[in-house]
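> need a structure here:
(chains A, B and C)
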Amino acid sequence: MASNALIHPDRLFPADPSVRAVARRLYEAVAGLPIVSPHGHTDPRWYAENEPFPDPARLFVVPDHYIFRMLYSQGIPLEKLGVPRRDGGATEQDGRAIWRLFAANYHLFRGTPTRSWMDHAFATLFGLEERLSAANADAIYDLISDRLKTEEFRPRALFERFNIEVIATTESPLDELKWHGMIRDSGWTGRVVTAYRPDPVVDPDFEGFRGNLERFGELTGEDTFSWTGYLAAHRKRRQFFKSFGATSTDHGHPSASTMDLSFAEAEALFARVAGGNQVSAEDAELFRAQMLTEMAAMSVEDGLVMQIHPGSVRNHNGGILKRHGRDMGADIPSRTDYVHALKPLLDRFGNAPGLTIVLFTLDETSYSRELAPLAGHYPVLRLGPAWWFFDSPEGMKRYRELTTETAGFYNTVGFNDDTRAFPSIPARHDVARRVDCAYLAELVTSHRIEEEEAHELAHDLAYSLAKKAYKL
Amino acid sequence: MASNALIHPDRLFPADPSVRAVARRLYEAVAGLPIVSPHGHTDPRWYAENEPFPDPARLFVVPDHYIFRMLYSQGIPLEKLGVPRRDGGATEQDGRAIWRLFAANYHLFRGTPTRSWMDHAFATLFGLEERLSAANADAIYDLISDRLKTEEFRPRALFERFNIEVIATTESPLDELKWHGMIRDSGWTGRVVTAYRPDPVVDPDFEGFRGNLERFGELTGEDTFSWTGYLAAHRKRRQFFKSFGATSTDHGHPSASTMDLSFAEAEALFARVAGGNQVSAEDAELFRAQMLTEMAAMSVEDGLVMQIHPGSVRNHNGGILKRHGRDMGADIPSRTDYVHALKPLLDRFGNAPGLTIVLFTLDETSYSRELAPLAGHYPVLRLGPAWWFFDSPEGMKRYRELTTETAGFYNTVGFNDDTRAFPSIPARHDVARRVDCAYLAELVTSHRIEEEEAHELAHDLAYSLAKKAYKL
Amino acid sequence: MASNALIHPDRLFPADPSVRAVARRLYEAVAGLPIVSPHGHTDPRWYAENEPFPDPARLFVVPDHYIFRMLYSQGIPLEKLGVPRRDGGATEQDGRAIWRLFAANYHLFRGTPTRSWMDHAFATLFGLEERLSAANADAIYDLISDRLKTEEFRPRALFERFNIEVIATTESPLDELKWHGMIRDSGWTGRVVTAYRPDPVVDPDFEGFRGNLERFGELTGEDTFSWTGYLAAHRKRRQFFKSFGATSTDHGHPSASTMDLSFAEAEALFARVAGGNQVSAEDAELFRAQMLTEMAAMSVEDGLVMQIHPGSVRNHNGGILKRHGRDMGADIPSRTDYVHALKPLLDRFGNAPGLTIVLFTLDETSYSRELAPLAGHYPVLRLGPAWWFFDSPEGMKRYRELTTETAGFYNTVGFNDDTRAFPSIPARHDVARRVDCAYLAELVTSHRIEEEEAHELAHDLAYSLAKKAYKL
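Numbers count the residues shown, from 1 in each chain, chains lettered A, B, ... in the order given. Alright, predicted model coming up:
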C-alpha cells in the first residue's frame, strides 16, 4: 500500500465515501499478496545473469513501446529516443539526452496507464516525491543511475522485492532455453518458467518461416517438412518446454480463426505451406487456423494451457517497419470475430475434460457479445484479463462490467501483466487489484453481493484464479 | 418494495446519497405498478391446468439455461443437472441431488442477474433470509417443496400475487392454442394472450420445415406449397391468433436481413425453398429476409406489432447439440447489422401509418450506431429493451446511456421479461424499474431533466410504454 | 456560467460533492474562454448580410434535423413542420403553428442534447425561466419573435455576444465564396473562414457529378476531364480557399477507404469515372479512396489540415428522399473500419512532417480499438471530437474514457460544434467544457492527475488544442 506525493493511497478508488471505504478494505486485504505473473515477456537473461540494469533511459524509455509510440505520435523522431535503425544509421546514444526528451514531454502521458506505472516505479523504487519534468530530469536521472548500480537493484533482488511468487516468460520453440537452464542451475530460488510460443514455426507469414522449420527439425531430429514429423517436433518441443516449468502455450495470430481439416487435407495444406513456393494469404490463414486446433489436441494430451491472443494488425506503419523494424509501437487492433472463428476448434474440443483455453481480445465489442457468452458456456474456455491497450483502469473496469453478468468471475483468470517492462510489474498488478476492488465495492454498495463475498472474490482475482487457471 | 437480509431495499441504486434519494423516490412511486409482460415464454399450460409446480430443482434449475450453462461452464455435466439426453441415457432424477449441486455452486453466480433473480424469488416467495449454500441446501429444498404443494403457489395464485395485468406467451402457427382455449373457457380472469412466432414455417433451416408446411396447410385448408396459398395461410393463422388476444408477432432470425422481391421472384424463391430439395444457405437467408417484409405487409393490414429478435448463433456447441439437443445454453450472439439489413423492408414500409416494428439486439454496438438513429427517425420503429444476456443491471444501464440521447425515451417500449422462468418475472421487472429509476436519478441530479419529468418517465418506462407499444 | 430555472449552474457535473467541487473549479476557469469553432456549417450569408433571423420556427425547428427527425419518429409528418416537399406540395407555412406542434411535443426530447441546447438558448438568449410546453407556446413564440427583430439579435451581434474568436464554414469547390468576400470587404472584424469540402467533385455518386466537373473546369480554367487538369484544378481552388482564410479541408465519405494507385492506374480510373458512362460502385469507392490520398498529397504541399468524416449511410429513408430530398434526418451510421482502410494513405504519408489529418467517427467501437491506437502512434493523425449523434454528454464522456488511456489528450483536437444551428453554438461548447471538466475531475479525485494539471488540460481542451490543430 505504498503511497507518497506521487502516488496517492486512494488512487483509482471511487470518489463516493461509502464505496471508497469498501474498496479500501478490500484492497488492504489483497495489496500484499504475492505476484503471480503467468504471462509476460521479461527477458530470462536478466534473472540468469543478474547483471545491473543499464541507465534510466535504457531501462525505462528505449525498450518501452508504450512510451516511444506516444512521443512519436507527437512528432519526436524515434532516432532521438535511441531506437535503433535497421540501416545502422545514427541514433541518440546519450541516455541522459533521451531522458531529458522524455522528461520534457512527460505531460503527454497524463491520463494514461504509462504515467501511473512510471510514477509508481519512481515512488516505490526510487523514493521520488516530485513529478518528472524538464526541470528535474537531470537530478532524477542521476538518482536512478546511482541506484541501478547497487546490489538491491539487480534483477533477482527486484524479483524478490516485488514479491513475485512465479513469473512466466515466453519463448519460441527454436529457443534452447539457455537462460532458463542457467536460472535452474544457479541455485537461486526465484521461480521463472517458460511458455511455448510457436508462432515462428506456425505462421507462414513469419519472417524466415522456412528457415525456422529447418532449425525446428535440427533441434528435434524430426523431418519437419513432413506433416507427421512437424507435429512430432511440436510434441517433443512442448515436452522440452515443460521440463523448464512451462504450463502454457501462447498464440499471437492475426485472427481467432480455427479449422479442423482431415488428416489428408491438413497434410496437403502443410505441403503447400512448407514447400518453398510463395504461400497464399488464404493458405497462411488456413494453416494458422488448423494449427490452433492441432495445438489444442496436443494440450489435451500434455495438459499445457492454451492462450490465444488474436486481433492485432502488426507493424501497421510501413515507413517505420522499413526504418526501424518490427514491434515499434505500430501494432493496431482490428475487429475480431470469435463466435464463428472458434467453432471448428470448439466442435472438436469444446467439451474436452482437462483442456483450458484462455481467450484474449483487443476488440472490446466482443466482451459482452461473444467472449462472455462463450466462456459462460464452454467448460474449456476462460477469459484472459483486459489486454495491452486495455491493461488500464478504464479498460479493466469495462472488462468487468461487460463480462461479469454473463460469465461471472470464475470464468476469468485473474491478472496477466504481459510486459517486458520489469519495473512496471508491481504497478500493473497494483492497478488491477485496485480496479477490481473498486468494481467489487460498487457491487457491494449497490447490494449485489455481500462484502464478505467481495473479500473472497478480491483474493481470487488478485491471486488464486491465475494460479489455478495456469496450473501454477 | 420487498426487502430482507437477502434483498436490500436500496439494491441497484447509485451510492451517492443525493442520487440515491432521488432514485428511491422515483422507484417508490412505480414499484407497485402492475406487471405488463408483452413478450415471454411461460407455458400457457400452467395457467390452463393450474397444477402445482414440481420440486425446487425442476422449477428453478433444470429448465433454466442461465443456470445450467454457468454450471456447465465450470465442468459440471448436464446429466448431473437432470438435463435429458437425446439418446435417453441416464441423467440425475433426484431433485434433491440436483439442488445440492446447484447450492454448492451458488457462488458461481456472484455478480450475475441470475443470482439477483433467485435471491428475489427466495426472499419474496419463500421468505428466505439466508443465502443458498451447500450447508442449507436441504433445509431450503424442503421448505420450497412444502410451499409448492400449497394452493397459494399454484400458477394462477402466483400470477395474481405477481400483480400481472397481462402476459403474452409465444406460440408457433402450428400450435392449436389448446391451453389458451382452456384459459379462456375457464372463467379465470387472468389475462394471458398469445403471440405469433412463425419461425417453424418461415425458416427453411428449422427442423422439420417441410413437415411444418404440410401441417400448416392442414390447419388452414390452404395449399401451403404454393406462394399465394402459403401467404393466405399466414393471414388466416394470424387472425386465429388475434382471436386469442395476440397483438404481436415475433421473429427470431439469425440476422436482421430483409428483402423486397417482386411477386414473381418471391414465388420462385418459395418454390425452391418448399420444393423438397436441399435448400441452399443463400436461399434460406433470402427467404427469411423476404418473409420479414411479407410479415410487415400483413401487420400493416391486421395491426399486429412486429418484433424482430436477430443475431443469435443457435446451438453453437456441436457436442451438446448431439447429446442434449437444442436450446441448451449454447446460443452465442454475433455481430448484427441493421442499417443495411433493414433497408429493403424500410424502403417499403418505413413510413407506413399504424405499423410498429420493435427491434431487439444481442450486439450492443448497434445501440448508438444503428438502432437509436433508426428508431429516432423512422415512425414505424421502436427499440425493444435490453435483451437476454443484457437483461441485467449493467446491460440495462448501457442500453439507456447508449440510446436515450439519440432516440429519446419515447421510441423505446418499456420492459419485456422474455422469460420461461415464471418465478423470476417479478424480480426481472423489479430490476428494470430500479435500473431505470437509477438512470433517471442521474439525469435529475446532473440537471438534465427535472424530478417531476423523471416521475412521468419512470411510470412510462415501468408501465405505460409497453401497453401502448404492444396495444395491450 | 449562465444559469436560471431552466439551466442549473451545476448541470452535467458529477453528483459526488468532492468530484463536483473540482469540476466546478475547473469549469469556472474555462467557461468564459472565447469560442474557437474550426468546423461547422453555419451560413456565411448570415454574417455577410447581417439580416435578422426569421421567426422562431424557421430559426429553431424547420432547419434542424435533430428536431424534426425526433418529431417525425413519433409520427408527425414533416409537412406539418414546414419541411419543403420536392414536388412543391403544400406544407405548413405558419411559423406559429409549427412552433405549437414543437412545443406540444417538447417532452420527446427529454434526455437528449437537443433539449439542453434549446433550454440553453432559451435561457441565455431570451431569458426564459419556464420549460417550453403547449401552454406557453404562444407566449414564448411572441417573445422570441420580438427579440429577433432587434439589432442585438442580428447575426453579427450574436457572433460577438457568443464570444466567437473564429468560426469556419464549409464550402464546395464550386462555391465562389461570395459571402466570404462580402464579409471580408465589410470591415466587420468577426473572423469567419471557409473550409474546402470537395465531395461534389470527388464523389462520383454525388448528385450532378459530371456537371460539377464541368463547372470545376470553368472556375479554374483547367481541363477537369483529364487527370492532371483535374488535380491542378483542386490545387488552384485550394489556394483560392486559403485566400479566404481556409486552414482545412473536409471529406464526408461513406467509408474511410484510401488507396494509393500509380499515376497510370489513377489516370485510367479517373477516365472511367469522368467518362460519362454509369460509374460502378467499385470504381466510385476506389476513386473516393484515391482522392483522399491525393488530398493528403496536396495538404503536404499547401498545409491545409485534412478532416475525414466517414461512416454515414446518407438518406437511408427512400420514401423521405423521394418526397423531401436529401438531408432530412435519415442519415444512419454504419460500421466503419479504419485500420485497413487508412493503410494505403498512411503508408505514403503517415510520417509526413507538417501534415495533420483529423479523424472522426460515427462508430464508437473504433475509438478504443482503432482510432486511439492509430492517433497514439502516427504523427500525422489527430482525433476529432465526438461527432454528430455523439455530440452529447454521454457521447463525449465515452469518447474520453475510450481514447485517453491510449492516445492521451494531446492527440485530440478540442471541440468542433459541427452545426448549422447558430443559436446552439454556445450551448454546445458549454456542454463540451462541462463534460471535459467532469471527466478531468474524475481523474483528479481518483488521483490519476493533479488538479493543477487538470487546469492546464481544461484550458487546452476548451481552447488551445483546436487553435493549434487547425492552425487558427
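> Please count neighbours and contacts with C-alpha atoms only from this point.
Noted.
> residue with max distance from the center of chain A?
In chain A, the residue that sits farthest from the middle, by C-alpha atoms, centre = their mean, is A:A264; the gap is 35.6 Å.
> Then A:D175 would be within a helix, right?
No. According to DSSP: H, G, I helix; E, B strand; the rest coil, the state of A:D175 is coil, so it is not within a helix.
> Distance of it relative to chain C?
According to C-alpha to the nearest C-alpha, to the nearest Å, A:D175 stands 31 Å off from chain C.
> go on, A:E294?
Here the criterion is C-alpha to the nearest C-alpha. By it, A:E294 lies 29 Å from chain C.
> Would you mind giving me the confidence score for that residue?
Looking at A:E294, its pLDDT stands at 98.
> Also the one 4 residues further on?
According to the prediction, A:M298 has pLDDT 98.
> any idea how far the residue farthest from the centre of chain A lies from A:D283?
Noted for A:A264: a distance of 15 Å to A:D283, by C-alpha to C-alpha, to the nearest Å.
> residues near the closest residue to A:L383 other than its chain neighbours, how many?
Using C-alpha to C-alpha, 6 or more residues apart in numbering or on different chains and skipping residues adjacent in sequence, the residue nearest A:L383 is A:T412, 4.6 Å away. When neighbours are defined as other C-alpha atoms under 10 Å in any protein chain shown, A:T412 has 26 of them.
> A:T412 touches A:L381, doesn't it?
No. Using C-alpha atoms under 8 Å as the test, A:T412 is too far from A:L381 to be in contact (9.1 Å).
> returning to that earlier point: look at the residue farthest from the centre of chain A and give its secondary structure.
Going by three-state DSSP: A:A264 is helix.
> Which residue does the stretch 201-350 of chain A have closest to chain B?
Closest to chain B within the stretch 201-350 of chain A is A:D347: 5.2 Å, counting by C-alpha to the nearest C-alpha.
> mind listing the helices for the stretch 351-472 of chain A?
Applying DSSP state H, counting those that start in this stretch to the stretch 351-472 of chain A gives helices spanning A:365-366, A:372-375, A:393-407, A:425-445, A:451-459, A:465-469.
> now, of the ones you listed, which is deepest in the fold?
Ranked by mean neighbour count, the helices of the stretch 351-472 of chain A are led by helix A:372-375 with a mean of 28 (mean count of other C-alpha atoms under 10 Å in any protein chain shown).
> how much space between the closest residue to chain C within the stretch 151-300 of chain A and C:P344?
Closest approach between the stretch 151-300 of chain A and chain C, counting by C-alpha to the nearest C-alpha: A:P254, at 12.8 Å. Per C-alpha to C-alpha, A:P254 is found 19 Å from C:P344.
> now do A:G221
With C-alpha to C-alpha as the criterion, A:G221 and C:P344 are 44 Å apart.
> which of those two has more neighbours?
The residue with more neighbours, out of A:G221 and C:P344, is C:P344; 21 against 13, by other C-alpha under 10 Å.
> Surely the more buried one is in a helix?
Yes. Applying three-state DSSP, one finds C:P344 inside a helix.
> near chain C at all, stretch A:315-327?
Yes. With C-alpha under 8 Å from any C-alpha of the partner chain as the criterion, chain C is reached by stretch A:315-327 at A:316-319.
> closest to B:L78 among those residues?
Of all these, the one sitting nearest B:L78 is A:H316; the distance, using C-alpha to C-alpha, is 45.8 Å.
> which stretch of helix or strand covers that closest one?
Using DSSP states H and E, A:H316 maps to neither a helix nor a strand.
> residues touching the residue nearest to A:L383, list them.
By C-alpha atoms under 8 Å, 6 or more residues apart in numbering or on different chains, the contact list for A:T412 reads A:382-385, A:465.
> Need those in TSV (columns: pLDDT).
TSV is the format used below for the contacts of A:T412 (pLDDT from 0 to 100):
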residue	pLDDT
A:R382	98
A:L383	98
A:G384	98
A:P385	98
A:L465	98
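> Take these and keep only those in strands.
Those of these mapping onto strands are A:382-383, per DSSP state E.
> Out of the contacts of A:T412, flag the one nearest to chain C.
Set against chain C, the nearest of those by C-alpha to the nearest C-alpha is A:P385 (15.9 Å).
> Run a quick neighbour tally on the closest one.
For A:P385, the count of nearby residues is 23 (other C-alpha under 10 Å).
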